[in-house]
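Engineer: Make a model of this:
(chains A and B)
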Amino acid sequence: MKQGRRSVWIGLVAGVALVCLAYALAGRSTGSGEQAKFVVLWVGVVVFLWPAARRLANPLVSESERLSILVAAGLFTYLPKFLRNPRRPVFYDEIAHWIQVERIFESGELFRGNPAVRVLPSYPGLHTLTAGLREVTGLSTWQVGVLLIAVLHIVSAIGVFLLVRRLVGSPVVAGLAGLLWCVAPGAMFFNSQFAYQSLAIVGFVWTVVAVAEAEASTGWTRWRWAGLAGVLASSVVVTHHLTSYALVILLLLFTIAAALGARRHGGDAWKPTALLLLVALAVNFVWMWIRGGSQAVTSIYDYLAPYPQGGFDQVWGALTGTGERRTFFARSGLPAWEQAAAWLAPVAVIVLGIIGVRLMLRMAKPPRTGAWALAAFSLLYVAALPLVLTQSGAQGAHRSFPFTYLGVCLVAASGLAMVIGRTTNASGRLRGVAPLAVALVIGIVAVGNTAANVNEFDRFPGPWEAGADSRARTTELDDAAAWMRTFGSNDRVVADLYSGTTLGMFGTTRDACAVAAACPGDLAIWRFYDGQPIREKELRQLREDGYRFLSVDKRMGTTTPRSGFWFNRSEEGAFDHQEPFDKRALSRHEGFTWLTKVYASTSFDLYEIHVGAANAEVLRGEPGAASLAEEQLRKARREQDEAKAAAPETP
Amino acid sequence: MTTTIPDSSAPASDHQNAAPATVLDRWSDPTLILIAAAVVALVSLLPWAIRALVTFPLALVLPGHALLAALDRPDRSLSGGARVAFRVVLSLGIIALVVLVVGSVVGVSKISVVGGIWAFTSVGALAGWNRELPGADEGRNNHFTQSGVLLAITAFVAVVVVATALVLLPEPRDESFSRMSLTGTSQSSGSPIRVRSGRTASVQVEVENGTSSTVVYRVIPAIDGGRVWDVEQVRLRPGEKETVSVKGLIPREACLSRLTLSLSANSKPSKVAPLVLYVRNEAGDACG
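Structural biologist: Numbering: from 1, shown residues only, chains lettered A, B, ... in the order given. Purely as a prediction, here's the structure:
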């Protein structure tokens, strides 16, 4: 008994040391694809998770020890993201949320427009919480953010434990579900960012905990739990759009399951759930109305809809052979065994889930109706898996997995508990092999869930990388933004998405749409970079939409973006950039009289735009806007095209 | 078929019979909550390091605890650790909502935030004033955690890791760079540079050495392609920056002249592309 306990804590210390070592290796590396950091990272993770899982599967372990293990697991699985960028925000979403809190703190105004994410001000829960804690504690926004995410990791694991224990009645299954939750899709990185979904998903879990407790209680206690669930659901609604919709779906499933249960066995456990469903819908509706009514609905629809819509279209295209297929792990930098784990992880949890459902059907004391609601919710995870095969749908699917995995945790943990129980009681050769097989399954789930949506560049620190937002914030870029900030300008910036994020948010004082790539409107940003003629239309848009700066990252002329796009997903040539931009196209701006190059560094050229002040001929568009360099470039292209056309076709 | 998994009646599961953790229920004494809220308010005036140590944990527990006290602690069926976690989650939700409400009405400030949270906590605590507290003997066997030592070790390890990471881990490698940009009046007056009397124009530029060694930079001006102005030289240590002023004559006949400023490093061309500016001659008749 004691030995099992010791192995968990020794595993924790060893795991922490190995994870730190992996990040030390990554910090010193200069290239990508080096295997050592991947191996050391995952060995470190499994060194802790395996004994933790075995300990949690022991039915004789006390609840307080289970909670201790889950507290440790919550902190431990936050460690890689913490070590990724402990000192400052570097991810696109993190920077957007960080700056939102900073500006609320400075101005006292809620609902200020956000320079990078247009729907973000409509969901201020994280910002009000962080600004509140900042006012109370005196810590910086980033310090509060880091502490907050660590706390959220801990309480979400405990929440899953309580929920599953209430629904299934088994502390073993509950403990394993909490552990699986710690390595769920997005848990180690995406939901560990300082971003609204990281807070909302914890509220989501605990709302369901309160609903389950309400269903299990009687009398006034039931309605008190329902009231607490209402408070939590309200905080979810004002924090994150997608989480609030996922909550409504899950509450609907809970209500249906409770109503069906009441029909068979009697009782009124469905009432608090049904009430909460109505409350969640009402709060969503009222919040939308407060935030602008139909305009807010349109805004959020435009923001979210393209992912599932595009995904379904592309799935249909793949099925009928008319669409394009997604290239998986293209330039992700991940080793082959991680890529394999990403494919195997869903298979592993589906198999475990099937075993788990069979077990739940045979339990001496049947699970509560909420358990079946969660099992049904897990089917949405399975249903969304085909979307991963498509370019547009993958984003949507990966966004939905963190929610639907709550159901997966319940059924898969039931299956895992059964497998561990069986292997512990096994005899002969199986007795030696079985624990390793269990460790392998846990490893595959942990590695696969992370590998499926976090590439090398987001996971590890390192040098600048084209098309990786988390590698874009270099000292040189920060320096450029700091210099731009001296203008005190609230004008917009034309730039690629990666450098534009920092330049727009740190280099200007603008609230909404500082970065062209984030909300370009009709502006064809790529035309300023790929050598296409700049038309009168673009010049007029520059002037009317309040653009003052144009940034050129000269490295666009030497490489292509790993993400597949320089500006946004709808740019011309997105996901099809075979060649870097022509260097002459990137330097032709020097010849435009409506641009003044006011900043030049090794990698960046910054131009100040003077469309109004420049030669009026420019506004007539071509050829007035063309410089000598541009003319030469066009001439060279024409000659190339003519040479191609003249060349005889080869069989 | 029998399962190897214990159900809820297994002896290890203390959930079903869990009595409340005594410390939490004693704490729901509203007087204590009010005192604690007062401590938060007072401590908020102290320097951040001391303030954070006291106020962060309190802010994460008190608002949720006050709400539960007002509702007569429906979470008594949970164990101690779970109850603390529930208070934290409730507190996070409450702070988010309270700051949202007060921020919408009076704006976000230290007074409005602390006042709002304090008011909520006080109201919750007062609403729970007459609630019956469990006796001292109740729940004596249900400690906050039986693995408190291990939990402390976990916390200690986490703190050590945080400290280690912050001290030892290397910063990601940045490529070195050089930089030249407009500064001072040249930056603020914008483009084109207007010469309203005489024929002399001047430009202020800032040069920065973002490399790891000392570099001698030369700012080389050229107007309409011809090198007429004097070259300025500056020696910068790593991380240093300095403002350089270059000036010279502009062509008499041209209305708009093109001024380029190139940068060389240690007598070799730097990788920095030249700045490109325009000078407008408004002194004579060139611009009509």
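
Engineer: Domain map for the chain?
Structural biologist: Going with chain A. Dividing chain A into domains by automatic domain parsing, as the record does, gives the ranges A:2-194+A:305-459, A:469-646.

Engineer: hmm, I had chain B in mind actually
Structural biologist: Following automatic domain parsing, chain B resolves into domains at B:22-134, B:177-281.

Engineer: Turn the domains of chain A into CSV, including mean pLDDT, mean neighbour count and distance to chain B.
Structural biologist: Where you see a C-beta, it was placed from the backbone N, CA and C, and this is true even at glycine. As requested, the domains of chain A are exported to CSV (pLDDT from 0 to 100; neighbours: other Cβ atoms under 10 Å in any protein chain shown; distance: least, Cβ to the nearest Cβ, whole Å):
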stretch, mean pLDDT, mean neighbour count, distance to chain B
domain A:2-194+A:305-459, 88, 21, 3
domain A:469-646, 82, 19, 4
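
Engineer: Columns distance to residue B:191 on top of these, output as JSON lines?
Structural biologist: Conversion of the domains of chain A to JSON lines gives the following (distance: least, Cβ to Cβ, whole Å):
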{"stretch": "domain A:2-194+A:305-459", "distance to residue B:191": "25"}
{"stretch": "domain A:469-646", "distance to residue B:191": "4"}
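
Engineer: Residue B:207: which of those is closest?
Structural biologist: domain A:469-646 (10.4 Å; Cβ to Cβ).

Engineer: Could you find the residue nearest the spatial middle of chain A?
Structural biologist: Taking Cα atoms, centre = their mean as the criterion, residue A:190 is the residue nearest the geometric centre of chain A, at 3.8 Å.

Engineer: How about it: what's its closest non-neighbour residue?
Structural biologist: Leaving out its chain neighbours, the residue that sits closest to residue A:190 by Cβ to Cβ, 6 or more residues apart in numbering or on different chains is residue A:453, at 6.4 Å.

Engineer: can you tell me which residues contact that neighbour?
Structural biologist: A:185, A:186, A:189, A:190, A:398 (Cβ atoms under 8 Å, 6 or more residues apart in numbering or on different chains).

Engineer: in the chain, which spans are strands?
Structural biologist: Using chain A. Secondary structure of chain A (DSSP state E): strands at A:492-494, A:547-553, A:595-601, A:604-609.

Engineer: wait, chain B
Structural biologist: Taking DSSP E as the test, the strands found in chain B are B:177-182, B:193-195, B:200-210, B:215-223, B:232-236, B:241-249, B:256-265, B:268-269, B:275-281.

Engineer: The first one vs strand B:256-265, what angle?
Structural biologist: Put simply, strand B:177-182 runs at 150 degrees to strand B:256-265, going by axes from the mean of the first three to the mean of the last three Cα atoms, to 10 degrees.

Engineer: mind listing what's buried in stretch A:269-285?
Structural biologist: If you call a residue buried by 16 or more other Cβ atoms under 10 Å in any protein chain shown, then stretch A:269-285 has these buried ones: A:269-277, A:279-281, A:283-284.

Engineer: So for residue B:7, what's the pLDDT?
Structural biologist: In this model, residue B:7 is scored at 43, pLDDT.

Engineer: Residue A:395 and residue B:160, how far apart?
Structural biologist: Using Cβ to Cβ, to the nearest Å, we find residue A:395 at a distance of 38 Å from residue B:160.

Engineer: Run through who's touching stretch A:281-292.
Structural biologist: In contact with stretch A:281-292 (Cβ under 8 Å, 6+ apart) are residues A:122, A:233, A:234, A:237, A:238, A:244, A:245, A:248, A:296, A:297, A:299, A:300.

Engineer: Now restrict these to buried residues only.
Structural biologist: By the neighbour-count criterion of 16+ other Cβ under 10 Å, these include these buried positions: A:122, A:233, A:234, A:237, A:238, A:244, A:245, A:248, A:296, A:299, A:300.

Engineer: Which pair of those spans the longest distance?
Structural biologist: The most widely separated members of those, counting by Cβ to Cβ, are A:233 and A:299 (22.1 Å).

Engineer: quick one, phi/psi of the residue nearest to residue A:190?
Structural biologist: Here the main-chain torsion angles of residue A:453 (degrees, to the nearest 10) amount to phi -140, psi 10.
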